[in-house]
Structure formats: C-alpha cells, structure tokens
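1. Sharing a model that was predicted from the sequence below.
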Amino acid sequence: MSRLGHLIKTLDSNWSYFKFDFKKRLNLLDPLQILPYFGFGTADQVFLKGRVLEQKGITGTGEHDSLWQNLKRMYRRFESDEVPGAVVAVKFQGAYQQVRADHEGFFETTLRPARQPGVDSLWHPAEMELVQPRHPAQPQPVVVTGQVLIPQARAQFGVISDIDDTVVETAATNWLKMARIVLFSNAYSRLPFEGVSQFYQALQAGKDGNHNPIFYVSSSPWNLYDLLVDFFQIHDIPLGPLLLQDYGFEPEQLLYTNHREHKLKQIKRILLTYSHLSFILIGDSGQQDPEIYREVVHQYPGRIAAIYIRDVTLSRREQEIKVIAEGLGRHGVEMLLVKDTQPAFQHAAARGFIN
C-alpha cells in the first residue's frame, strides 16, 4: 500500500502542476487569491496557515438562498483550483518569511515575532502577499490580512471543541443525511444546537471576563472553512482557530481520512503550545470523541479541567461512555454526557468556569 500510495500522491501532485501550467499558457487562469486561515500561538511563536487558489466565484450567502444556489456554492468549494508551488510572503509583528505552498496550494509557517503583540486584544493581524506566480491580468499585488489568536496572560483556561454534531447538527454517523445537510444548506440555514452560542460566549468570558481562547478541532475538510466562519459569525458563536483536515492522498493510505489521528495530533499541538493552561474539551458521542479525550487525559495528566459530550446517539453508546467517564473520574476529570447544553452550563457554573 505504501508504494501504491506514493505513486498516487506523485501522480496527484504532477497533475496539479500540469493543470495549472496548462491553464496559464492558454490564459485560462481565474484571478488568484490567498485564503488566510486563523493562526494561533504565543508572544514568542505563532503558527500561520493558508491556501492559494484561483478565485472560486462564490458570492455572498443569503438568508433565503435556494437549495440549488447552496448546491452550486458547495460544488465550487470542492472543485477549487489550487495554485501549486505558490510562494507567499508572511509578515507578523516585525517577523518575515517566504513560504512555498504544496501541490494543493496549502502553506504553513512558524514565525517568532520581533515585537511583542498588544496585550489588550485576543486577535492580531498578519499580512500575506503572493510573491509567485503573478497573474498577468492582476497588476496589483495579491495581499490579504489574516488574524492570529494569542491568549492574554490572564486567561483562566482554554476550550477545545468539535464542530459536527457538537456545535451544529451534521448527522456524521448517517452518510445520506449528512450529505443532504452539507450539500443543500448554508451558514444561515444550518442552525447551532440550542444554547451553544450563549455557552461558548460564557466560556470565552470565563468567571472574570478574561477572554479565554476557543479552538475548533474537526475532521471537516478545509474546503468548508469559509462556510464555517460565516456560520459562527451569523450565529454569534465565538471565533477561534479552526484546525480542519486535508482529505488528500498519503503514502500509507489512498485517501487520508483518519479522524482519530487528526484530532489527537491537533489537540496535542494546542496543549503543547499553551503548556500553562488547562483545557475544557467538548465533543459528541457520535464518533470517537470520548475515546480520543480519554487518551488526551492519560497523556496529559492535570491538563483537562472537564469534558462535555453531547449525546447524539441516544442509548446506543450510553454504557460505553459511562465506563469511560468512570475511568476518567478516577483521574480527577469529570466527563458529562448531556442531551442538551443546559446541564453543561450548570456544571460549568458550579465548577467556577463561568459566571
């Protein structure tokens, strides 16, 4: 499988470069754009990520858009034309670096700020400029401003949350229902679970209004990034870095979709970045969140303040999660299986996490 995986990944990479060069020679390229993803880090080190694409032609989402309009937008998200090997200059607080994108247009870099970011804000701007290639029909440089989250020194804790079936109903365990929800809905028609907005706002504020950081770790593809950001903004859910998944080809498997490995890797990355903070974990019972969070507790003792699991599977998983919760209780970590947000709200208030 490894040899076949390497071959497929090589062919996929070569095809990306061939397709881009072919369109460039025939002047078929659409205008180029940089899509900046939310970065995060500390005053000493920040992580930034983005993607260089041809413009997708996705117009603004409307509250009363038809199913057909939603489907067209979703098609354009997944039919995106990446710019392989693009070179992007990234600037943040006096630090500068040029980074080359991979064959899917993704780029990622780590910067060490030369100046200390302001202490009164949770978010800080980062500039990204496309150095190569230049589009002949775009004489002006392609420049965008991304945002980097740096928690304030007085933060009480951090929050790491799943998205699908935790914040918004997705029916991730039912492929047909999930496909219908994802393909035919938009940021307005997809509604968060009741109380999510208020609960997450309360967690971000903490007991003393300290603006605790919230991170969203999900196996949703990066193609849905703009939709998810719009969804959070429309429904007043606090923004935070989204650590999504690239469903690309990997040598060890034909299509990389390892939910558990992805989430564990990203959660560990957050915990290592903010070694001084404890974290609240929020997920659902539909997939492997309880098992993943149990492993996090075992690997990082003393770092997890509480775990909230939304029950989306009714009685099917209840006994399994009860056993996991009892085991975690012996490690001093409470895991609550809740059918709605209210019990989590009450528990968080009783433990002094929120006001």
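-> Received, thanks. Residues are numbered from 1 along each chain as shown.

2. which SS class is residue 107?
-> strand (DSSP: H, G, I helix; E, B strand; the rest coil).

3. how about the nearest residue to it, chain neighbours excluded?
-> Nearest residue to residue 107 in three dimensions, chain neighbours excluded: residue 101, at 4.2 Å (CB to CB, 6 or more residues apart in numbering). Using the backbone N, CA and C atoms, a C-beta is placed for each residue, glycine as well.

4. cool, residue 17 as well?
-> residue 84 (5.0 Å).

5. Does that neighbour touch residue 15 like I think?
-> No: Residue 84 lies out of contact with residue 15 (CB atoms under 8 Å); the separation is 9.4 Å.

6. ok, those two, which is more surrounded?
-> Neighbours were tallied for residue 84 and for residue 15 using other CB atoms under 10 Å; the higher tally belongs to residue 84 (22 against 12).

7. Can you give me the pLDDT of that one?
-> Residue 84 carries a pLDDT value of 95.

8. From residue 321, how far off is it?
-> Going from residue 84 to residue 321 by CB to CB, to the nearest Å gives 43 Å.

9. And the next helix or strand past the helix or strand harbouring residue 325?
-> Applying DSSP states H and E as the criterion places residue 325 in helix 318-329. Sequence order places strand 335-338 as the next helix or strand after helix 318-329, per DSSP H and E.

10. From the rest of the structure, what touches that following strand?
-> Applying CB atoms under 8 Å, 6 or more residues apart in numbering, the contact partners of strand 335-338 are 285, 290, 293, 306-311, 318, 321-322, 324-325, 328-329, 343-344, 347.

11. Quick check: ChimeraX command selecting the buried ones in these.
-> Those of the contacts of strand 335-338 that count as buried under 16 or more other CB atoms under 10 Å are selected in ChimeraX with:
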select :285,290,293,306,307,308,309,310,311,321,324,325,328,344,347
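
12. Once you drop chain neighbours, what's closest to residue 73?
-> Using CB to CB, 6+ apart, the nearest residue to residue 73 is residue 58, at 5.2 Å.

13. my bad, should have said residue 223
-> Setting aside the residues directly before and after it, residue 223 is nearest to residue 77 in space (CB to CB, 6+ apart), at 4.5 Å.

14. Using PDB, write down the CA coordinates of the helix or strand the one you found falls within.
-> Secondary structure assignment for residue 77, by DSSP H and E: helix 67-78. Extracted in PDB, the C-alpha atoms of helix 67-78 (Å, rounded to 0.1, in the frame of the first residue of the first chain):
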ATOM      1  CA  LEU A  67     -31.300  24.600  -2.400                       C
ATOM      2  CA  TRP A  68     -29.900  24.900  -5.900                       C
ATOM      3  CA  GLN A  69     -27.800  28.000  -5.000                       C
ATOM      4  CA  ASN A  70     -26.400  26.300  -1.900                       C
ATOM      5  CA  LEU A  71     -25.500  23.200  -4.000                       C
ATOM      6  CA  LYS A  72     -23.700  25.400  -6.600                       C
ATOM      7  CA  ARG A  73     -21.700  27.100  -3.900                       C
ATOM      8  CA  MET A  74     -20.800  23.800  -2.300                       C
ATOM      9  CA  TYR A  75     -19.700  22.400  -5.700                       C
ATOM     10  CA  ARG A  76     -17.400  25.400  -6.200                       C
ATOM     11  CA  ARG A  77     -15.800  24.900  -2.800                       C
ATOM     12  CA  PHE A  78     -14.800  21.300  -3.500                       C
END
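
15. Buried residues, that helix. List them.
-> Neighbour count says helix 67-78 has 70, 73-74, 76-77 buried, by 16+ other CB under 10 Å.

16. just stretch 110-129 next, same as before
-> Applying a neighbour-count criterion of 16+ other CB under 10 Å, one finds 111, 113, 117, 122-124, 126, 128 buried in stretch 110-129.

17. Could you dump these into JSON lines with distance to residue 259 added?
-> As requested, the buried residues of stretch 110-129 are exported to JSON lines (distance: CB to CB, whole Å):
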{"residue": "111", "distance to residue 259": "30"}
{"residue": "113", "distance to residue 259": "33"}
{"residue": "117", "distance to residue 259": "33"}
{"residue": "122", "distance to residue 259": "29"}
{"residue": "123", "distance to residue 259": "29"}
{"residue": "124", "distance to residue 259": "31"}
{"residue": "126", "distance to residue 259": "29"}
{"residue": "128", "distance to residue 259": "29"}
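
18. what residues are up against residue 334?
-> With contacts defined as CB under 8 Å, 6+ apart, residue 334 is in contact with 306-307, 325, 328, 347.

19. just the buried residues of helix 67-78 now: which is nearest residue 182?
-> Nearest to residue 182 among the buried residues of helix 67-78, counting by CB to CB, is residue 74 at 7.0 Å.

20. Excluding covalently adjacent residues, which one is nearest to that closest one?
-> residue 183 is the one closest to residue 74 (CB to CB, 6+ apart), at 5.3 Å.
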